[in-house]
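Novice: My questions are about this predicted structure, shown below with the sequence.
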Amino acid sequence: MTEHATRRVSRPASAIAVAAVATLMISACSVVPEPLTQTAYETVLTADLEQLPPSDRIIEEPISLEEALVRAVRNNREVRLKAMEAALARGEVRLEALGMLPQLTAEAGYTNRDVYDASTSVVLIDGEPDTLPSEPAYSVSDGLDQRTAQVGFSWNVLDFGLSYVRARQRSDQYLISEERERKSIHTISEEVRAAYWKAVSADRLLGRVDALRTQAEDALANARAMEDSRAMAPREALIYQRELLDVLRLLQDLEQRLSGARIQLADLMGLHPGTEYTLADTNTAEMQIPSLQNSIQELEAAALRNRPEMREAHYQTRVSVNETRAALLRLLPGIGLTATMQYEDNKYLRDDQWQTLGASVNWNLFNVFAIGPNLDAAEVREQLAEARRMAVSMAVMTQVHLAVSDFMQARQVFELASDYRDVAGRILTQTQRQARAEAIGELDAVREALNDILAELRRDRAYADMQNAFGRLAASAGVDLFPRDYAELPTWQLTSILEARYAQLASGDLPLEPPMTQAEIEAERLANLPPPPPPPVWTPERQETFNEQNAVEAAADAPEVKSLEEPPQLIIEPASEPESSEPPPSEPAPEAIPEDVWTPEKQREFNERSSSAIRIYQTSESEYAWSVGYETQ
């Protein structure tokens, strides 16, 4: 009784604790919007500025078109964004694949009651329970404190099939993100190519524009002075000023079109807009005209095979097919398998540990009515994907034909603009000679100088348009300038790959196959290695031949001796001399034995070497082992 009284007194405390926890949870749900403070904003801004490229950077080496493309692919934010999206899609493929695994859960718990879970029972008489006695006998089967633990394994076959189909869809979506990354590289390559040649034209012409503006402004000032001094008729003076103002207006428009070219190129390369750099083709006088040797049929086939849009359409078709399979799988009954190991700290249980196995089947019977609509929707979905793919195919082929036509037209425009520039330059030379001889006025000299600059601008623009049209032609055929593993290669290697690709483009034979990755290059190198020579096979015939050769060589190397079993003995007998009381004279030093004299020591050394060599030869198992043993001897 004392224990029960104590636990009953603790009920208000438990209620207070529960109320306190509920109050904290409710208060945590009330969130007040907190705007970003100026200090926090400046901190974030400072961190962002540190990640942006510096504004005082100076690039000393001239930048070629290939280097500009490498910088753009390395540093451009749009390309990085597409690469990050592809990496995220790859991670989602791995996460989706984990859904195919069964569930293995571990659970542990603790419960406490303030009173025992006591109960009694009565018998059932004629469908009605008997009367409860005045003092019933209660029984308990659980203690006040319970500790439980459980490890359960569950696997649903239907969920496994759906997870497999979803994983296939995720893998196709990852491949789609890779193709979109390829498309972004194609797009950024075209933009860099256009901005590069526009910047080259700006570097060539802006200096001449400034000089011509100064000359036109001086001529305008002189014309106004002549008008004021009545040195020229008023109408002629005004017409002269109007023509000079037209020249200044054209120069201003020209400068406005060219001034932002370097900033645009710097942005595409991932540089700060104020970065100072030079371009390699600014001082190049030769303008190489690209040619096209591939047939239109080859370009069409390459475009249908390599274009990112076509590959994306194929992957979208596979996604639609897998979506149909997933819709049909959801209509099937689900089969579940379970296995658990349980533990309960209950003294009233005979066994506190036990295992259970189970299987279950569940199916929504109304799914029968959904089979027909799902099949119809699946058929329409697949037809839509097929129609979309065919539409993309037609669009790709149309783009190839348009790109070829645009390139041919751009090439003709450039040839005409180049001839026009040549004629304008010759006219300017004649005009300058006449101006120095004061045969013509200053206005004519300024006008011809402006015509020459405009002719050069049109030629440079036509050259840039021709290069851009050729780049669009290559992109329409699906030509890849970079390998798929471009992110893993150093800058110098990417530059060399681009130079090789552009050299092939300049020859007119478009590289319709994508560049090989490093893994493909290594696999091709290993495949082209010559096979290793077969190991020598030791046969009894070779053993007999070897023994005969060894015997001949041993006989040729050995000196002539009477017997190898009984080597000659060198016997020295003492000379008989009369005894004398005087000490014997000192013995002379022994004479050196010449090398061609056979001695017992040489005989013993020869016998040891011969027996060792014979043992090694007889116990060898291959020609290689024999040769090593022979060399060591």
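Specialist: Nice, I can see it.

Novice: Would you enumerate the residues in contact with the closest residue to residue 77 other than its chain neighbours?
Specialist: In this structure, residue 77 finds its nearest non-sequential neighbour in residue 270, 7.2 Å apart by Cβ to Cβ, 6 or more residues apart in numbering. The way it works is simple: take the backbone N, C-alpha and C, and place the C-beta from them, glycine included. Listed by Cβ atoms under 8 Å, 6 or more residues apart in numbering, the contact set of residue 270 reads 53, 71, 72, 74, 75, 76, 77.

Novice: Among those, which one is most surrounded by other residues?
Specialist: The member of the contacts of residue 270 surrounded by the most neighbours (other Cβ atoms under 10 Å) is residue 72, with 25 neighbours in all.

Novice: can you tell me the helix or strand for that residue?
Specialist: In this structure, residue 72 sits in helix 65-75 according to DSSP states H and E.

Novice: which parts of the helix or strand hosting residue 468 are buried?
Specialist: Assigned by DSSP H and E, residue 468 falls within helix 442-476. Neighbour-count burial for helix 442-476 flags 442-443, 445-476 (criterion: 16 or more other Cβ atoms under 10 Å).

Novice: pLDDT (mean, whole number) over it?
Specialist: Helix 442-476 shows a mean pLDDT of 83.

Novice: Looking at the helix or strand that it is followed by now, give me its mean pLDDT.
Specialist: Counting by DSSP H and E, the next helix or strand C-terminal to helix 442-476 is helix 491-506. Helix 491-506 shows an average pLDDT of 85 in the prediction.

Novice: Determine the set of other helices and strands touching helix 491-506.
Specialist: Applying 3 or more Cβ pairs under 8 Å, 6 or more residues apart in numbering; DSSP states H and E, we find helix 491-506 packed against helix 65-75.

Novice: List the contacts of the helix it packs on.
Specialist: Contacts of helix 65-75 (Cβ under 8 Å, 6+ apart): 53, 63, 79, 185, 188-189, 192-193, 196, 265, 268-271, 280-281, 481-482, 486, 491, 494-495, 498-499, 502.

Novice: same deal with stretch 340-348?
Specialist: Residues outside stretch 340-348 that contact it (Cβ under 8 Å, 6+ apart) are 140-143, 145-153, 352-356.

Novice: Could I get the average pLDDT for it?
Specialist: Rounded mean pLDDT across stretch 340-348 is 89.

Novice: Could I get the buried residue list for that stretch?
Specialist: 340, 344.

Novice: what's the span of that stretch, first residue to last?
Specialist: This stretch, stretch 340-348, spans 21 Å end to end (Cα to Cα, to the nearest Å).

Novice: between the contacts of residue 270, which is nearest residue 400?
Specialist: Proximity to residue 400 was ranked across the contacts of residue 270 by Cβ to Cβ; first place goes to residue 72, at 24.6 Å.

Novice: host element of residue 314?
Specialist: helix 308-329.

Novice: how far is that helix from where the chain is centred?
Specialist: The chain centre lies 24 Å from the centre of helix 308-329; the measure is Cα atoms, centre = their mean, to the nearest Å.

Novice: Repeat that for stretch 193-212.
Specialist: The answer for stretch 193-212 is 36 Å, by Cα atoms, centre = their mean.

Novice: in that stretch, what's buried?
Specialist: So stretch 193-212, judged by 16+ other Cβ under 10 Å, has buried residues 193-205, 208-209, 212.

Novice: which residues touch that stretch?
Specialist: So stretch 193-212 is in contact with 65, 68-69, 247, 251, 254-255, 258-259, 261-262, 264-265, 268, 278-279, 281-282, 446, 449-450, 453, 456-457, 460-461, 463-464, 467-468, 471, going by Cβ under 8 Å, 6+ apart.

Novice: what does stretch 326-333 give?
Specialist: Identification of contacts with stretch 326-333 by Cβ under 8 Å, 6+ apart yields 158, 161-162, 165-166, 169, 361-363, 367, 370-371, 374-375, 377-378.

Novice: closest to residue 402 among those?
Specialist: residue 169 (34.2 Å).

Novice: what about the closest one, how many neighbours?
Specialist: 21.

Novice: same check, this time on residue 237
Specialist: Residues near residue 237, counting by other Cβ under 10 Å: 19.

Novice: The one 5 residues further on too?
Specialist: By other Cβ under 10 Å, 11 other residues sit near residue 242.

Novice: before we move on, what about residue 84?
Specialist: Count around residue 84 with other Cβ under 10 Å applied: 12.

Novice: do you know how far it is from residue 180?
Specialist: 12 Å (Cβ to Cβ, to the nearest Å).

Novice: Check residue 186 too.
Specialist: In terms of Cβ to Cβ, residue 186 sits 10 Å off from residue 180.

Novice: Which one of the two is surrounded by more residues?
Specialist: residue 186 (22 against 17).

Novice: Which neighbours do residue 186 and residue 180 have in common?
Specialist: Counting by Cβ under 8 Å, 6+ apart, the shared contacts of residue 186 and residue 180 are residue 308.

Novice: Now do the longest helix along the chain against helix 442-476: the angle between them, please.
Specialist: Across the chain, the longest stretch assigned as helix under DSSP state H is helix 157-228. Compare the direction of helix 157-228 with that of helix 442-476 by axes from the mean of the first three to the mean of the last three Cα atoms, to 10 degrees and you get 170 degrees.

Novice: Report the secondary structure state of the closest residue to residue 371 other than its chain neighbours.
Specialist: Using Cβ to Cβ, 6+ apart and skipping residues adjacent in sequence, the residue nearest residue 371 is residue 331, 5.9 Å away. Following DSSP: H, G, I helix; E, B strand; the rest coil, the label given to residue 331 is coil.

Novice: Can you report how many residues neighbour residue 331?
Specialist: 16.

Novice: so residue 508, which of the three states?
Specialist: Per three-state DSSP, residue 508 ends up coil.

Novice: Next, work out how far apart it and residue 525 are.
Specialist: Taken as Cβ to Cβ, the span from residue 508 to residue 525 is 29 Å.

Novice: Low-confidence regions, the chain specifically.
Specialist: Counting by pLDDT under 70, the chain contains low-confidence residues at 1-31, 55-56, 285, 442-443, 535-538, 553-600, 602-604, 606-633.

Novice: Give me the domain ranges for it.
Specialist: 1-31, 536-556+599-633 (automatic domain parsing).

Novice: which secondary structure elements does the helix or strand containing residue 543 contact?
Specialist: Taking DSSP H and E as the criterion, residue 543 maps to helix 540-557. Counting contacts by 3+ Cβ pairs under 8 Å, 6+ apart, helix 540-557 packs against helix 600-619.

Novice: what about the helix or strand harbouring residue 82, distance to the chain center?
Specialist: If you go by DSSP H and E, residue 82 is part of helix 77-98. Centroid separation between helix 77-98 and its chain, computed with Cα atoms, centre = their mean, is 11 Å.

Novice: So which bits of that helix are buried?
Specialist: Buried, per 16+ other Cβ under 10 Å, within helix 77-98: 79, 80, 82, 83, 85, 86, 89, 90, 92, 93, 96, 97.

Novice: quick one: it to helix 65-75, angle?
Specialist: 50 degrees.

Novice: who does helix 77-98 touch, helix- and strand-wise?
Specialist: Using 3+ Cβ pairs under 8 Å, 6+ apart, helix 77-98 sits against helix 157-228.

Novice: The helix it packs on: what's the following helix or strand?
Specialist: Moving toward the C-terminus from helix 157-228, the next element (DSSP H and E) is helix 234-259.

Novice: tell me the angle of that next one relative to helix 442-476?
Specialist: 30 degrees.

Novice: packing partners for helix 234-259?
Specialist: Right, helix 234-259 is packed against helix 157-228, helix 442-476 by 3+ Cβ pairs under 8 Å, 6+ apart.
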